[in-house]
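Novice: Generate a structure from the sequence data that follows.
(one chain, ligands or ions: 1)
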Amino acid sequence: MSKVTASQQGSTETPLIFLDDICVTFKTRTGSLLRPNRVQAVNHLSLKLGRGETLGIVGESGCGKSTTANVMCGLQSPTSGHVYFKGDDVTKRSAEMRRHIGRVISVVFQDPATALNARMTVSDQLMDPMRVHKVGSSAEQRSRVKELIGMVGLPSSVLDALPGQLSGGQRQRVAIARALALKPDAIIADEPTSALDVSVRAQILNLLMDLKRELSLSMVFISHDIQTVRYISDRIVVMNKGEAVERGTAAEVFDNPQDDYTKLLLGAAPSLLHPDASLLR
Ligand SMILES: Nc1ncnc2c1ncn2[C@@H]1O[C@H](COP(=O)(O)OP(=O)(O)OP(=O)(O)O)[C@@H](O)[C@H]1O
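Specialist: Predicted structure coming up:
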């Protein structure tokens, strides 16, 4: 397995995740069997996720955000380029490496209704990753489940509930608790508030920020809403048509946007966050 040093990646500390010149091309259903059409979902993208930072990835639907997230957590192999985890080249993962990365990088998806198993109680959903990865005794797993549900601000009475008996916000809290079950290094949150009622979006964002700080997590936060990304991120990458068109600290991107597309996003739709700013901290 080849290594890349921090200085080769242009920083003093080896990032948790480093995507180096990633391209992802998909064959589409249009075109013929011999000459399938292709879509370039990610086009020569390089980015780093530092330890303990929140990296926001923002752009319109179809610009390649989810594909980028999937490359980061190993759900998608790049067509070209390299993926480094803590400096190790993990582009071509063995089954063991895939398992390890699945444990240390967790994903929170947009819609908790589909991300959770409708037939499993909350308790079983939280226990599941620990059972699959054989972490702890059953007594330790049960105790961790109680700890997890408290961490996301839900009462232990919900542990016996099925997802369908919970509100959308409660379900997303359960999905976040499950993502934390194996004590990951990083969470990738892919549009985690988009499917939620506007009144609970700020609560979920605040929860993610609190957990990230308390647990010293790294986080990738993906959204098409640039105001939400600004609120939660330390650094931001703006994507357009598979490419990173702008990057910088949240303040740099907002106060002094350089790219026309970023300016367009900033001038576009109002924030999808609750209009009552007092809900945000
Ligand atoms: N499995 C796939 N097969 C074919 N094309 C795909 C596949 N996954 C994504 N694409 C295409 O790649 C491009 C980027 O998709 P991606 O889902 O990464 O964008 P996105 O910015 O996350 O969009 P959204 O916000 O709508 O989820 C789109 O044109 C999409 O249709």
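Novice: got the buried residues for the host helix or strand of S123?
Specialist: Secondary-structure assignment from DSSP states H and E places S123 in helix 122-132. Applying a neighbour-count criterion of 16 or more other CB atoms under 10 Å, one finds 122-123, 125-127, 129-130 buried in helix 122-132. Every residue, glycine included, has its C-beta placed from N, CA and C.
Novice: One more: stretch 141-157?
Specialist: Of all the residues in stretch 141-157, those buried under the rule 16+ other CB under 10 Å are 141-142, 144-145, 148-149, 151-154.
Novice: Identify the farthest-apart pair in those.
Specialist: Using CB to CB, the buried residues of stretch 141-157 reach their maximum pairwise distance at Q141 and G153, which is 20.9 Å.
Novice: Show me which residues of the stretch 151-281 of the chain are close to the ligand?
Specialist: Applying CB under 6 Å from any ligand atom, one finds that the stretch 151-281 of the chain approaches the ligand through H224.
Novice: where does L211 fall, phi/psi-wise?
Specialist: Taking degrees, to the nearest 10, you get phi -60, psi -40 for the backbone angles of L211.
Novice: List the contacts of it.
Specialist: The neighbourhood of L211, defined by CB atoms under 8 Å, 6 or more residues apart in numbering, consists of 151-152, 176, 180, 217.
Novice: so can I have a markdown table of the residues you listed showing pLDDT?
Specialist: Supplementary listing: the contacts of L211 in a markdown table, determined by pLDDT from 0 to 100:
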| residue | pLDDT |
| --- | --- |
| M151 | 97 |
| V152 | 97 |
| I176 | 97 |
| L180 | 97 |
| L217 | 96 |
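Novice: ok, the residues you listed vs G50, which is closest?
Specialist: When those are compared for distance to G50 (CB to CB), L217 wins out at 11.7 Å.
Novice: circling back: how about residues contacting the helix holding S123?
Specialist: 116-117, 120, 135-136, 141-142, 144-145, 148-149, 158-163, 166, 174, 177-178, 181-182.
Novice: what separates it from the chain centre, distance-wise?
Specialist: Centre-to-centre, helix 122-132 and its host chain are 20 Å apart (CA atoms, centre = their mean, to the nearest Å).
Novice: Give the next helix or strand downstream of that helix.
Specialist: Using DSSP H and E, the helix or strand that follows helix 122-132 towards the C-terminus is helix 138-151.
Novice: Who are the packing partners of that next one?
Specialist: Under the contact criterion of 3 or more CB pairs under 8 Å, 6 or more residues apart in numbering; DSSP states H and E, helix 138-151 touches helix 122-132, helix 168-180.
Novice: circling back: of the contacts of helix 122-132, keep whichever come out buried.
Specialist: Applying 16+ other CB under 10 Å to the contacts of helix 122-132, the neighbour count classes 116, 141-142, 144-145, 148-149, 158-159, 161, 163, 166, 174, 177-178, 181-182 as buried.
Novice: between the helix holding S123 and helix 138-151, how big is the angle?
Specialist: 130 degrees (axes from the mean of the first three to the mean of the last three CA atoms, to 10 degrees).
Novice: Between helix 168-180 and helix 122-132, find me the angle.
Specialist: Helix 122-132 runs at 20 degrees relative to helix 168-180, counting by the same axes, to 10 degrees.
Novice: Tabulate the CA atom coordinates of helix 122-132 in CSV.
Specialist: Only the C-alpha atoms of helix 122-132 are listed here, as CSV (Å, rounded to 0.1, in the frame of the first residue of the first chain):
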residue,chain,number,x,y,z
VAL,A,122,-34.7,1.6,17.2
SER,A,123,-32.8,-0.5,19.7
ASP,A,124,-32.0,-3.1,17.1
GLN,A,125,-31.1,-0.5,14.5
LEU,A,126,-28.5,0.9,16.9
MET,A,127,-27.2,-2.5,17.9
ASP,A,128,-26.9,-3.7,14.3
PRO,A,129,-23.5,-2.1,13.4
MET,A,130,-22.0,-3.4,16.6
ARG,A,131,-23.3,-6.9,15.9
VAL,A,132,-22.1,-6.8,12.2
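Novice: what is the mean pLDDT for the strand or helix carrying I188?
Specialist: When elements are defined using DSSP H and E, I188 is found to belong to strand 186-190. Mean pLDDT, strand 186-190: 96.
Novice: residues touching I226, list them.
Specialist: Contact criterion CB under 8 Å, 6+ apart gives 58, 238, 265-266, 268 as the residues in contact with I226.
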